[in-house]
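Asker: Quick one, fold the following:
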Amino acid sequence: MARLLRVDMTRREVKFTDVPEKYALLGGRALTSRIVADEVPPTCDPLGRFNKLVFAPGLLSGTNAPSSGRLSVGGKSPLTGGIKEANAGGITSQKLANLGIKAIVIEGKPAGEGWFLLKITPAGAELLDAGDLAGKGTYEVTAICRERYGSKVGVITIGPAGEMLLAAAGVTNNDPDGNSSRYAGRGGLGAVMGARRLKAIVVDSPKTFDAPVKDPEKFKAAAKKFTAILRKHPVTGEGLPNFGTSVLINVINEAGALPTRNFSAGRFARAQAVSGEKLAETAVARGGKATHACHPGCVMRCSNVYPLPDGKVCAPIEYESDWALGPNLEIGDLDVVGRLNYICNDVGLDTIETGVTLGVLMEAGVIPFGDGEAAIKALEEVGRGTYLGRIIGSGAAVAGKVFGVTRVPAVKGQGLPAYDPRACKGIGVTYATSPMGADHTSGYAVATNILKVGGYVDPLKPDGQVDLSRNLQIATAALDSTGLCLFVAFAVLDDPEGLPAIVEMINAQYGTQLTLDDVTELGKQILRTEREFNRQAGFTKEHDRLPEFFALEELPPHNTVFDIKGEELDQVYNF
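Answerer: Next up, the predicted model:
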């Protein structure tokens, strides 16, 4: 029997409650956004006592559905001021599902200066003192918890950035090897966790793939079919399993859409030096792993384990992090990228927001472009809580205001990810209009614009981009509710049997008769819920716009601008 776990930090009470009927067929993003919309006042202070932090496994998490171990974390974002869902791999989603926990809802704020740890086991849940963990980085906290509670536990934690309530702070959990690096990074939800004085959540479940399934035989057949679909697709079956997500560095660079020098150019001359191919070669040579599964049961294995020269291990360096801390800063050294990534992981910062923020500092002349050591030195200030460190940890928009920079690539206060919207206009529509702020995962138009997955829409022309982004945002919202990795979309977009196989798995697990139209409607309803929350929080159509320099400055090498008009962007949510 699925339950909600409610944790009242004000009263320091932990209790299980029945799942309301309206939540029965919701999971992941659908559930986090619904609970936030139902229970959080849209105008509340994101760090105040009325905000809530929600953790929810996907509908398929905890089963043997391939690549279904994603965890959704939701709340009101300190970075954007709107609703937020951040998504992470790691082992905790499957463990929560196997404990029958539909969602964890963290609410209230404790008095005093203490820190707490929430321990969850098959026997129940309890709040424990965690004063000895305060101030420690995520790697040390995870190691201590695994030693204290068992090597197979899932550890959700925040770093010093979350404790300091910095708006770029993320929430991490560990992979099967214990690496504390699977981040729900975007939107500052680590600060929301810190505001609740909750340093860590330990999830102890002896099972991984034993969540209840109504029709095991039908489920097994559908899961087998879906696995075959993923394995035969060239992206999910070859590219990602061989070189991981950083295989995109060379691809996007060749397309002229790799943001370089704070979004000043679309190609980086030293892209090969930080490419997925180079990363895989170096990682293996040092005894690491070119590819690696971030959670059990993943057939794509697009993560990696990158040993650094100082003996530390960065696991992983993903494409977005590689770009943000590399080409975006004109840094062409994987070891520097790895060190910056490791610091972000340990102090508890979103690598995308941090890389974009460092780019703004370089734009301001605080750090020279291309100076890796200066970037490392500046980033280390975050853990020390200095003024500069707090500025960096507060995100790109804040840094731009502090240093008087107008070329700040951010929407709704959130930094743009690793695709320039002037050379990949479909993703620009997603950046502008997603309820989440600039977020490539909300509607990954790069697939169709550049990779030619699911058809082809010319990335350099405005035609068809609004329809493309709209359809992908609807599909992605539904997909984020299943616990399936976003990357399964590559195969689903190209194989007509992909989406039906997902629906078959859901129906077999829950004994339902959902149709493809039902899944589409779920995606639409999620977006309606999120948009309405943001509207009540004060957002208008004027917030669904890119920074003006994208429409004014031509991007080499194609010398294009973002020329999709505001009235066209306003049509994304006309369903």
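
Asker: how is this protein carved up into domains?
Answerer: Taking automatic domain parsing as the domain assignment, the record places the domains of the chain at 3-203, 242-414.

Asker: what pLDDT does Gly413 get?
Answerer: pLDDT, the model's per-residue confidence, is 98 for Gly413.

Asker: That one against Ala397, yeah?
Answerer: Yes - using Cβ atoms under 8 Å, Gly413 is in contact with Ala397, at 4.6 Å. Placement of C-beta: from N, CA and C, glycine included.

Asker: So what touches the helix or strand harbouring Thr430?
Answerer: When secondary structure is defined by DSSP states H and E, Thr430 falls within helix 425-433. Applying Cβ atoms under 8 Å, 6 or more residues apart in numbering, the external contacts of helix 425-433 come out as 411, 416-417, 419, 421-422, 438-440, 442-446, 448-449, 457, 459-462, 464-466, 468-469, 472-473, 544-546, 550, 562-564, 569, 572-573.

Asker: Beyond it, next helix or strand please.
Answerer: Counting by DSSP H and E, the element after helix 425-433 in chain order, helix or strand, is helix 446-449.

Asker: how about stretch 357-365: buried residues?
Answerer: For stretch 357-365, burial by neighbour count (16 or more other Cβ atoms under 10 Å) applies to Thr357, Leu358, Gly359, Val360, Leu361, Met362, Glu363, Ala364.

Asker: In helices, which of those residues appear?
Answerer: Helix and strand membership here follows DSSP state H; of the buried residues of stretch 357-365, those in helices are Thr357, Leu358, Gly359, Val360, Leu361, Met362, Glu363.

Asker: Look up the closest residue to Asn262, ignoring the ones flanking it.
Answerer: Spatially, and ignoring its direct neighbours in sequence, Asn262 is nearest to Gly359 (3.9 Å; Cβ to Cβ, 6 or more residues apart in numbering).

Asker: which ones are touching that neighbour?
Answerer: Under the criterion of Cβ under 8 Å, 6+ apart, the contact partners of Gly359 comprise Arg261, Asn262, Phe263, Ala324, Asn328, Leu329, Ala396, Pro409.

Asker: If we use 10 Å, what do you get?
Answerer: Counting by Cβ atoms under 10 Å, 6 or more residues apart in numbering, Gly359 touches 259-264, 324-325, 328-330, 367, 369, 375, 396, 399, 405, 407-409, 415.

Asker: and if you look at Thr354?
Answerer: With contacts defined as Cβ under 10 Å, 6+ apart, Thr354 is in contact with 161, 168, 170, 185, 321, 324-325, 340-341, 343-344, 347, 375, 379, 382, 392-393, 395-396, 415.

Asker: Now with 6 Å, please.
Answerer: Cys344 (Cβ atoms under 6 Å, 6 or more residues apart in numbering).

Asker: tell me which element Gly287 falls in.
Answerer: Here Gly287 is covered by no helix or strand, with elements defined by DSSP H and E.

Asker: Relative to Phe209, how far out is the closest residue to it other than its chain neighbours?
Answerer: With Cβ to Cβ, 6+ apart as the criterion, Gly287 has its nearest non-adjacent residue at 6.0 Å, and that residue is Pro307. Going from Pro307 to Phe209 by Cβ to Cβ, to the nearest Å gives 30 Å.

Asker: And the two? Which one has more around it.
Answerer: More neighbours sit around Pro307 than around the other of Pro307 and Phe209, counting by other Cβ atoms under 10 Å; the figures are 20 against 17.

Asker: where along the stretch 51-200 of the chain do the strands fall?
Answerer: Taking DSSP state E, counting those that start in this stretch, the strands of the stretch 51-200 of the chain run over residues 52-57, 71-76, 83-88, 101-107, 116-121, 124-129, 154-157, 171-174, 180-184, 198-203.

Asker: so which of the ones you listed gets nearest Leu230?
Answerer: With Cβ to Cβ as the measure, strand 83-88 is the member of the strands of the stretch 51-200 of the chain nearest Leu230 (18.2 Å).
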